[in-house]
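Trainee: have a look; sequence and predicted model below, questions after that.
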Amino acid sequence: MLILFGIPYVDAPMEAEAECASLLTRELVDGIVTDDSDVFLFGGSRIYRNMFNEAKYVECYLLADLEREIGLDRDKLVRLAYLLGSDYTEGLPGVGPVAGRELLEEFPGKHGLERFRDWWDRVQSGKDSEQETNTSWKRRFVRPISLSLSSKKGHKELILDKGWPPKDVAEAYYRPTVVESDEQFSWSGVDLDGLRFYLNRSLGWDQVKTDSLLLPLIKRDQERKAGALRKQPVMTDFFDYTAGDAPFSRKKQPKYASKRLQNVVQVRPASSSLSSLTLDPS
């Protein structure tokens with residue numbers, strides 16, 4: 001159908017979000033339309049959500065805002081996936097979004113998860129020192145091991161082998177299989193005869209019905225290209241698709257229901273909430 005309408009497309013060899021992130025990084029597209037948050041882990045930097053949901057406003061999310069306003073850059077998001085789970089890993093039992101964010105702050109940096117693994121191995125074998133397990137977060141994370149009544153909330157079932165975190169998970173996000181071509185997208189003409197055959201075979205439409213729907217559209221497109229028709233409004237006439245490249249108003253920083261999460265997300269006075277650009281679906 002896309003070919004018959006002359007619409008350019010890329011057939012992603014693996015993950016669609018990875019392909020879209022690659023196209024955006026190479027400036028072959030202006031943004032990514034998806035509701036899958038994994039796109040940020042693949043490097044997507046300008047995401048449009050709710051595009052096809054008439055009950056919601058379209059929202060634009062920027063990777064730069066995630067880093068500036070809630071302290072999550074791409075590297076942290078990938079590390080967080082090891083803790084919370086994603087398409088490539090199950091995550092850790094007993095570790096939710098709040099504990100995950102706290103863990104990343106407690107063990108920061110590129111090799112923070114490895115340091116957490118080594119510390120946890122010493123804790124479970126009783127070889128950690130009092131000086132080593134000396135923060136309130138570490139004591140709270142450890143405590144359920146010795147208190148059987150707290151086992152439902154604890155991490156006594158958490159076992160990390162020497163191969164954790166598996167490197168192939170990060171590789172899947174940082175080096176996904178994508179189409180490497182930098183060829184610019186270009187639209188071609190509508191294949192009317194091909195559409196007549198396709199719609200007859202697929203939907204049982206005869207030529208009269210197909211032509212009644214397609215010929216007015218083809219005529220309008222020809223008039224537009226010839227300059228005989230007033231320019232048809234497009235999406236970018238209603239909002240700035242480069243949101244984030246220039247100053248624009250932001251919403252007030254929200255207060256999180258979890259005090260622990262609020263303590264993790266340290267926001268500078270000049271900063272505010274994750275920027276969102278909304279479009280009235282009407």
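Mentor: Yep, that arrived. Numbers count the residues shown, from 1 in each chain.
Trainee: all the strands of the stretch 51-200 of the chain, in order from the start?
Mentor: 59-62 (DSSP state E, counting those that start in this stretch).
Trainee: quick one: low-confidence residue ranges for it.
Mentor: 144-154 (pLDDT under 70).
Trainee: surely Pro165 and Arg115 touch.
Mentor: No. Contact criterion Cβ atoms under 8 Å: Pro165 and Arg115 do not qualify, at 11.3 Å. Backbone N, C-alpha and C define where each C-beta goes, glycine included.
Trainee: quick check: Ile47 touching Ile32?
Mentor: Yes. Judged on Cβ under 8 Å, Ile47 makes contact with Ile32 at a distance of 5.2 Å.
Trainee: before we move on, back to that, which one of Pro165 and Arg115 is surrounded by more residues?
Mentor: Higher neighbour count among Pro165 and Arg115: Pro165, with 20 against 13, using other Cβ atoms under 10 Å.
Trainee: phi first, then psi, for that one.
Mentor: Dihedral pair for Pro165: phi -80, psi 140, per degrees, to the nearest 10.
Trainee: which residues touch it?
Mentor: Contacts for Pro165 (Cβ atoms under 8 Å, 6 or more residues apart in numbering) come out as Arg79, Tyr82, Thr89, Leu113, Glu114, Arg117.
Trainee: filter those down to just the ones in helices.
Mentor: Arg79, Tyr82, Leu113, Glu114, Arg117 (DSSP state H).
Trainee: check the gap between the nearest residue to Ser45 once chain neighbours are set aside and Glu27 for me.
Mentor: Nearest residue to Ser45, sequence neighbours excluded (Cβ to Cβ, 6 or more residues apart in numbering): Leu63, at 4.2 Å. Distance, Leu63 to Glu27, by Cβ to Cβ, to the nearest Å: 15 Å.
Trainee: which of the two has more neighbours?
Mentor: Comparing Leu63 with Glu27 by other Cβ under 10 Å, the one with more neighbours is Leu63, at 20 against 9.
Trainee: wait, the residue nearest to Ser45 touches Phe42, no?
Mentor: No. Taking Cβ under 8 Å as the definition, Leu63 is not a contact partner of Phe42, at 10.5 Å.
Trainee: what is in contact with Ile47 and Ile32 at once?
Mentor: Shared contacts of Ile47 and Ile32, defined by Cβ under 8 Å, 6+ apart, comprise Val39.
Trainee: picking up where we left off before, any common contacting residues for Leu63 and Phe42?
Mentor: The contact sets of Leu63 and Phe42 do not overlap (Cβ under 8 Å, 6+ apart).
Trainee: which residue ranges form the helices in the stretch 1-150 of the chain?
Mentor: For the stretch 1-150 of the chain, the helices defined by DSSP state H, counting those that start in this stretch cover 2-5, 16-25, 38-41, 63-70, 74-84, 97-106, 112-124, 136-142.
Trainee: buried residues, the longest helix anywhere in the chain. List them.
Mentor: Among the segments of the chain that qualify as a helix by DSSP H, the longest is helix 207-225. Neighbour counts over helix 207-225 (16 or more other Cβ atoms under 10 Å) mark Thr210, Leu214, Asp221 as buried.
Trainee: could you dump these to TSV with pLDDT and distance to Val95?
Mentor: Shown next, in TSV, are the buried residues of helix 207-225 (pLDDT from 0 to 100; distance: Cβ to Cβ, whole Å):
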residue	pLDDT	distance to Val95
Thr210	93	56
Leu214	92	54
Asp221	79	53
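Trainee: could you chop the chain up by domain?
Mentor: The chain breaks down into these domains under automatic domain parsing: 13-89+173-186+242-282, 93-165, 189-232.
Trainee: so what's the residue count around Ser136?
Mentor: Around Ser136 there are 9 residues (other Cβ under 10 Å).
Trainee: swap in Ser125?
Mentor: Neighbours of Ser125 using other Cβ under 10 Å come to 8.
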